[in-house]
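1. Give me a model of this one.
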Amino acid sequence: MFGSIKEKFSDFTRALQGDVLLSEKKLDEVLQSLEIALLESDVAFDVVEKIVSKLKADLQGMKVKRRDISQVVRDSLKRSLVEIFVKSQKTLPELVKEKKSRPYVIAFVGVNGSGKTTTIAKIARLMMKRGFSCVFAASDTFRAGAIEQLQKHADRLGVKMIKHSKGADPAAVAFDAISHARAHNKDVVLIDTAGRMETNVNLMDEMKKIIRVAKPDITLFVGDALTGNAAVDQAEIFNKAINIDGVILTKADADAKGGSAISIAYVVKKPIFYLGTGQGYDDLVEFNPEWFINEILS
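-> Below you'll find the model as predicted:
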């Protein structure tokens, strides 16, 4: 995982070997190399500029022993990257637990093919392992087969699913699911929404209506880590439209470069809660910025 940035960083630190004084000229040479490496790893241009500028300010004129150069640069880069991430003070199960009234409502949004429905099933599995009961709201009434796909997950997990017919009002489905959960003392409602392209105005308006009606406690954007800067653009547009509260990145196991997570965190300034690492219901890793950056740089 995240091999590209790791390899480029190694090239970067090797270029510094033998320099005791980190002069502006030398830094400009090697930072240009790092800048290209970050861009090639799907880190957005604005984010790269911030990282490189911070590194230059921290390192310029610094005198260090030859054997310490690599570690000094690594520590400075790590600090720059850590500052980009907003860290949630509580995990998702902790947020559910602290809410006094039931249910806790989670809305999932994102584009087609991001792995949103599978992610909903994974979160349900996580909640059930913590002792919480769940209800699915099949509010993707637009895509053919979406209701059936979510129903399969509901059957496998033993979760109640509230659904209407294809083409029904998705906000009404969400409302009914919340009403059912309240009446039956269920802990968590997980709302599936149509995987819409951010350019589809009608579907984006429909999503806004779901959010208005359901009033979710948290709205999570589900993005595909493999799509690079496309996921960054999508997250930014969804955030502007409905003010997302956090992010889950899928397919992080499939040799993603790592840049999407850095860029999304910078652009939306919301916490990344989880990384999807496979198709199994337990293939979900709680996101930790320090761990993530160590994975990139170690």
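2. Now the terminal residues of stretch 79-95, how far apart.
-> One end of stretch 79-95 to the other measures 28 Å (C-alpha to C-alpha, to the nearest Å).
3. Give me the buried positions along that stretch.
-> Residues of stretch 79-95 classed as buried: S80, L81, I84, F85, V86, S88, L92, P93, L95 (neighbour count, 16 or more other C-beta atoms under 10 Å). C-beta here means a position set from N, CA and C on the backbone, and glycine is covered the same way.
4. One more: stretch 184-195?
-> Per 16+ other C-beta under 10 Å, stretch 184-195 contains these buried residues: K186, D187, V188, V189, L190, I191, D192, T193, A194, G195.
5. quick one: low-confidence parts of the stretch 151-298 of the chain?
-> 196-200, 255-257, 298 (pLDDT under 70).
6. same thing but 50
-> Within the stretch 151-298 of the chain, no stretch has pLDDT under 50.
7. Domain parsing of this protein, as residue ranges.
-> Using automatic domain parsing, the domain parsing of the chain gives 3-82, 92-297.
8. if you compare those domains, which one is most tucked away?
-> When neighbours are counted by mean count of other C-beta atoms under 10 Å, the highest per-stretch mean among the domains of the chain falls to domain 92-297, a mean of 20.
9. Pull up the distance across that domain, start to finish.
-> Termini of domain 92-297 sit 27 Å apart (C-alpha to C-alpha).
10. cool, stretch 137-157 as well?
-> 14 Å.
11. From here on, call the first residue 696.
-> Got it, first residue is 696 now, which makes that one stretch 832-852.
12. Just give me how far it sits from the chain centre.
-> What separates the centre of stretch 832-852 from the centre of its chain is 22 Å, taken as C-alpha atoms, centre = their mean, to the nearest Å.
13. Quick check: mean pLDDT of stretch 824-844?
-> Stretch 824-844 shows an average pLDDT of 93 in the prediction.
14. Now the two most distant members of the buried residues of stretch 774-790.
-> S775 and P788 (31.0 Å; C-beta to C-beta).
15. F870 contacts A909, correct?
-> Yes. Applying C-beta atoms under 8 Å, one finds F870 in contact with A909, separated by 6.8 Å.
16. Give me the longest helix you can find in this structure.
-> Counting by DSSP state H, the longest helix found in the chain is helix 719-735.
17. could you point out which element follows that one?
-> helix 740-754 (DSSP states H and E).
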